[in-house]
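1. sequence first, predicted coordinates after that:
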Amino acid sequence: MSGIKSSGKMRYFQIRIMPEQGKHLPGHLITKYFTKLEMINGTGVVDSLPSCIVKVEHEGLDIDGITNELQESLIIDKILLEGDNFAYLKVKTPGPIQRIIAAEDEAWIMPPTYLSRENGFFMTIHGTPKGLKRVKDKLEILVPKKMDMRISKIIIGDWMSAPNLPERRTLVIQTAVDMGYYSAPRRCNQNDIAGVLGLKQGTVAEHLQNAESVIINSWSQQMALSEPTNSK
């Protein structure tokens, strides 16, 4: 397993835990009900527990009927949107891996992060070299079997932090991404997104336009800050 060199710059690493490696972890129970759980956006820490919006996929399930069975691994606070075989949920994640990272001031979970019945657990963690080192050491104790861990190069201008968006706007733009609105060529239009979310096309257009404006302006500002200042 590779080490993390201290450089004073932001870095990230990604871990993969295969299903057979994580059977002793509470999160393994999630795959009993959902074929896939994907983190969409973090929403902070609530009652000392990490909170986030996730998309779940299932094979026909009454989500309200399983909330009590998942308390140790997934606390469902609210169903934001529900379809035949998927749902967007606001949840808290009390599992030990999430608690380790939530307790670390210099590391945090970011997308892409997901749990899959077939492919196991994949997580992206951003932070300082020291923060990531502390998280890495604790994870190796929690999951003693060898994990697939990939450590990034230094994060400078090639990584930009995502701006915070309101929950509904985040949901609209993430749905647009999932449905292929930003693919080339596009695989859906705004009416398709509106139909999935139960919104008017004009509402979807407004959310997308506002979100795109925030994201592009944030990108531009961060690029400007990351450019070196010429000294005389």
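-> Everything's here; your move. Numbers count the residues shown, from 1 in each chain.
2. ok, then the element right after the lowest-mean-pLDDT helix or strand in the chain?
-> Counting by mean pLDDT, DSSP states H and E, the chain has its least confident helix or strand at strand 148-151, which shows a mean of 62. Once the chain leaves strand 148-151, the next helix or strand it forms, by DSSP states H and E, is helix 167-179.
3. what's the neighbour count on the residue nearest to Gly120 when sequence neighbours are not counted?
-> Excluding the flanking residues, the one nearest Gly120 by Cβ to Cβ, 6 or more residues apart in numbering is Met18, at 4.3 Å. (Each C-beta comes from the backbone N, C-alpha and C, glycine too.) The local packing of Met18 (other Cβ atoms under 10 Å) involves 13 other residues.
4. going forward, begin numbering at 8 instead of 1
-> I'll keep to 8 as the first residue from here, and by that count the last item is Met25.
5. what separation do you get for Met25 and Leu56?
-> Met25 sits 26 Å away from Leu56 when distances are taken as Cβ to Cβ, to the nearest Å.
6. likewise for Pro119?
-> The gap separating Pro119 from Leu56 is 21 Å, by Cβ to Cβ.
7. got it, and Tyr40?
-> Remark: distance between Tyr40 and Leu56 (Cβ to Cβ) = 20 Å.
8. cool, and Ile73?
-> Ile73 sits 19 Å away from Leu56, going by Cβ to Cβ.
9. so Pro101, which of the three states?
-> Following DSSP: H, G, I helix; E, B strand; the rest coil, we place Pro101 in the coil state.
10. show the contacting residues for it.
-> Neighbour list for Pro101: 33, 56, 78-82 [criterion: Cβ atoms under 8 Å, 6 or more residues apart in numbering].
11. please redo it, this time with the cut-off set to 10 Å
-> Each residue near Pro101 by Cβ atoms under 10 Å, 6 or more residues apart in numbering is listed here: 33-34, 54-57, 77-82, 109.
12. which of those sits closest to Gly187?
-> Relative to Gly187, the closest of the contacts of Pro101 is Leu81; by Cβ to Cβ it sits at 27.6 Å.
13. please enumerate the helices of the protein.
-> Applying DSSP state H to the chain gives helices spanning 37-40, 103-109, 136-149, 174-186, 197-204, 208-233.
14. and the third one, what's buried?
-> Right, helix 136-149. The neighbour-count check on helix 136-149 (16 or more other Cβ atoms under 10 Å) flags 136, 138-143, 145-146, 149 as buried.
15. repeat for the shortest one
-> Of the residues in helix 37-40, those buried by neighbour count under the rule 16+ other Cβ under 10 Å are 37-38, 40.
16. turn these into TSV, columns for distance to Gly209 and pLDDT.
-> Below are the buried residues of helix 37-40 laid out as TSV (distance: Cβ to Cβ, whole Å; pLDDT from 0 to 100):
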residue	distance to Gly209	pLDDT
Ile37	37	93
Thr38	39	92
Tyr40	36	93
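17. rebuild these as CSV, extending it with distance to Gly90.
-> Putting the buried residues of helix 37-40 into CSV (distance: Cβ to Cβ, whole Å) gives the following:
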residue, distance to Gly90
Ile37, 19
Thr38, 20
Tyr40, 16
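18. and which of the residues you listed is nearest Arg18?
-> Comparing these against Arg18 with Cβ to Cβ picks out Ile37 as the nearest, at 28.1 Å.
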